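*Asks:* Have a look; sequence and predicted model below, questions after that.
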Amino acid sequence: RLFSSASSSTLTHGEASSTHGDADGVVEVNPPRGTRDFTPEDMRLRTWLFDQFREVSRIMAFEEVDFPVLESEALFIRKAGEEITQQLYNFEDKGGRRVVLRPEITPSLARLVIKQGKSVSLPLKWFTIGQCWRYERMTRGRRREHYQWNMDIFGVPKVRAEAELLHAIVLLFQRLGITSSDVGIRVSSRKVLQAVLNMYFIPEHLFTEVCVIVDKLGKITREEIEKELISTGLSSEAVQGIINVLSLKSLSKLEEVLGSGVEAVADLKKLFSFAEQYGYADWICFDASVVRGLAYYTGIVFEAFDREGKLRAICGGGRYDRLLSTFGSEDIPACGFGFGDAVIVELLKEKGLLPDLSRQIDDIVFPLDEELEGPASSIASSLRKKGRSVDLVEDKRLKWVFKHAERINASRLILVGNSEWERGMVRVKILSTREEFEVKAGELE
Ligand SMILES: Nc1ccc(Br)nc1
């Protein structure tokens, strides 16, 4: 054990031991600031949640991919002032390379699609579950890492792709027991904002910056938003126009303001009619204030929220048709979403939907005498070869073993005792029925 000897060593105070303990003898046992350990109980919940992510991905016919958590910093340098790029967990490695612990997954996906080039046939439907990082001043005490399930479709230019992604999200919520009265998904399109900027003849290069600012709607005051928009050079008339359109919650009103035949309205109408066909229309609603905070979105954007309004966005995503060209490659139409592992667990707790995930072991094998440890091992070995989970217990009193069997929900207790073993037998106790009988050791199933 790393630090027990340090605390029990005979060091004079202040003299660090040969192990990793410090002057007080014990190494810092907490993980780095903003990060988490996962105890076995934590891990059972995380594994259960990730299994739901994987099962939905399988049902949606997505293929799993993975990437290094460490990426080149260049993949994430963007000029639009997004929070995510201002909190890069970046550093220089021993080779002098600028690297980051990735803050998101999408740029890695884009990198791999570019790398695969012509060897992949479109459309691509890929998913991954990966840890993402940010370096935030701990003043806000927020976490610096989380796990994110990402689903992305490359090569489908039409809103059918977004409809597929929304279906995946709805399927996930349904698997967790969450209903459309618990959660909604706000849907809009960045083309709404594009159309408004065009109405005020605002130059194209301001589009991304304006998106990042208006994404703060609901997070900072309207006055602050107006101030930031003015500071980009927008007229106060344009600022009012933007804020008025973004407060719209009805597609028909949007059509009145933007005029019919606007691409944004056509896309959204199509998406909502798809939603009817999929049967998840009651989960989604149009809300022009949704722009999402990532610079590279170009079309439909969406985010899931708890209808009680207590939590941050549960997941979010959108279309990003021009990300690949920012990496110097030919563009491929793409859309995707990220679904974090934190808010969803808060929601499940709120709704009393956390599953009961206690341990379950098939067999406990316990030698009643020390000289029977050998036979007990061979019994454990043959049961494990048959795929049974076996906890081989030794150096314990029988009373402890029964308690332990309850704690780990063992199905059977297999006792190896002298009198039985002499006759080639072992004693089996079925813990649910208290039934007890002898079995030939070689015939144990
Ligand atoms: N992008 C990002 C990374 C890590 C956490 Br925690 N939240 C957001």
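*Replies:* The structure has been received and is ready for your questions. Owing to the predicted nature of the structure, the values given are computational and were not obtained by experimental measurement. Residues are numbered from 1 along each chain as shown.

*Asks:* Please count neighbours and contacts with C-alpha atoms only from this point.
*Replies:* Noted.

*Asks:* ok, how many other residues are close to Ser188?
*Replies:* Neighbours of Ser188 under the rule other CA atoms under 10 Å: 29.

*Asks:* Glu276 too?
*Replies:* By other CA under 10 Å, neighbour count at Glu276 equals 11.

*Asks:* do Thr298 as well
*Replies:* Neighbour tally, Thr298, other CA under 10 Å: 23.

*Asks:* Where does it sit: helix, strand or coil?
*Replies:* coil (DSSP: H, G, I helix; E, B strand; the rest coil).

*Asks:* if I pick it, what's in contact with it?
*Replies:* By CA atoms under 8 Å, 6 or more residues apart in numbering, the contact list for Thr298 reads 189-191, 318-322.

*Asks:* Spatially nearest residue to it, not counting backbone neighbours?
*Replies:* Tyr320 (5.1 Å; CA to CA, 6 or more residues apart in numbering).

*Asks:* I'd like to know how far the one you found sits from the ligand.
*Replies:* In this view, Tyr320 and the ligand are 17 Å apart by CA to the nearest ligand atom, to the nearest Å.

*Asks:* Can you give me the neighbour number for that residue?
*Replies:* If we define neighbours as other CA under 10 Å, then Tyr320 has 24 of them.

*Asks:* Would you mind confirming that Gly155 is in contact with Cys335?
*Replies:* No. When contacts are counted by CA atoms under 8 Å, Gly155 is not listed as touching Cys335 (9.0 Å).

*Asks:* between the two, who's got more neighbours?
*Replies:* Cys335 (29 against 17).

*Asks:* doesn't Lys158 make contact with the more buried one?
*Replies:* No. With contact defined as CA under 8 Å, Cys335 does not count as touching Lys158 (10.0 Å).

*Asks:* so the spatially most central residue of the chain is in which element?
*Replies:* Nearest to the mean C-alpha position of the chain, by CA atoms, centre = their mean, lies Gln148 at 2.5 Å. Assigned by DSSP states H and E, Gln148 belongs to strand 145-154.

*Asks:* what's that strand in contact with?
*Replies:* Contacts for strand 145-154 (CA under 8 Å, 6+ apart): 34-35, 53, 57, 62, 105-106, 122-134, 161, 165, 332-342.

*Asks:* Only the buried subset of those residues, as a ChimeraX command please.
*Replies:* Provided next is the ChimeraX selection string for whichever of the contacts of strand 145-154 are buried by 16 or more other CA atoms under 10 Å:
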select :34,53,57,62,105,106,124,125,126,127,128,129,130,131,132,133,134,161,165,332,333,334,335,336,337,338,339,340,341
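
*Asks:* Looking at the contacts of strand 145-154, which are in strands?
*Replies:* 124-133, 334-340 (DSSP state E).

*Asks:* Get me the contact residues on the stretch 1-150 of the chain for the ligand.
*Replies:* Contact residues (CA under 6 Å from any ligand atom) of the stretch 1-150 of the chain with the ligand: 84, 103-104, 132-134, 143-146.

*Asks:* Would you format those as JSON lines with pLDDT included?
*Replies:* Converted to JSON lines, these look like this (pLDDT from 0 to 100):
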{"residue": "Ile84", "pLDDT": "94"}
{"residue": "Pro103", "pLDDT": "98"}
{"residue": "Glu104", "pLDDT": "98"}
{"residue": "Cys132", "pLDDT": "98"}
{"residue": "Trp133", "pLDDT": "98"}
{"residue": "Arg134", "pLDDT": "97"}
{"residue": "Arg143", "pLDDT": "94"}
{"residue": "Arg144", "pLDDT": "97"}
{"residue": "Glu145", "pLDDT": "98"}
{"residue": "His146", "pLDDT": "98"}
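
*Asks:* between the residues you listed, which is nearest Thr208?
*Replies:* Nearest to Thr208 among these, counting by CA to CA, is Ile84 at 14.2 Å.

*Asks:* Just the element for the closest one, please.
*Replies:* Residue-wise, Ile84 maps onto helix 83-86 under DSSP H and E.

*Asks:* Tell me the buried residues in that helix?
*Replies:* Quick answer for helix 83-86 (16+ other CA under 10 Å): 84-86.

*Asks:* In terms of distance to Val416, which of those residues ranks first?
*Replies:* Using CA to CA, these come closest to Val416 at Ile84, 59.4 Å.

*Asks:* Tell me if I'm right that the closest one and Arg102 touch.
*Replies:* No. Applying CA under 8 Å, one finds Ile84 not in contact with Arg102, separated by 10.0 Å.

*Asks:* contacting residues around the closest residue to Phe274 other than its chain neighbours?
*Replies:* Here the nearest residue to Phe274 in space, its sequence neighbours aside, is Ala163; by CA to CA, 6+ apart that works out to 6.5 Å. With contacts defined as CA under 8 Å, 6+ apart, the neighbours of Ala163 are 271, 274-275.

*Asks:* Would you agree Phe274 falls within a strand?
*Replies:* No. Using three-state DSSP, the secondary structure at Phe274 is helix, not a strand.

*Asks:* Could I get the residues of the stretch 1-150 of the chain next to the ligand in CSV, plus columns for distance to Leu172?
*Replies:* Formatted as CSV, those follow (distance: CA to CA, whole Å):
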residue, distance to Leu172
Ile84, 26
Pro103, 23
Glu104, 21
Cys132, 21
Trp133, 24
Arg134, 26
Arg143, 24
Arg144, 25
Glu145, 22
His146, 19
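
*Asks:* Good, we can wrap up now.
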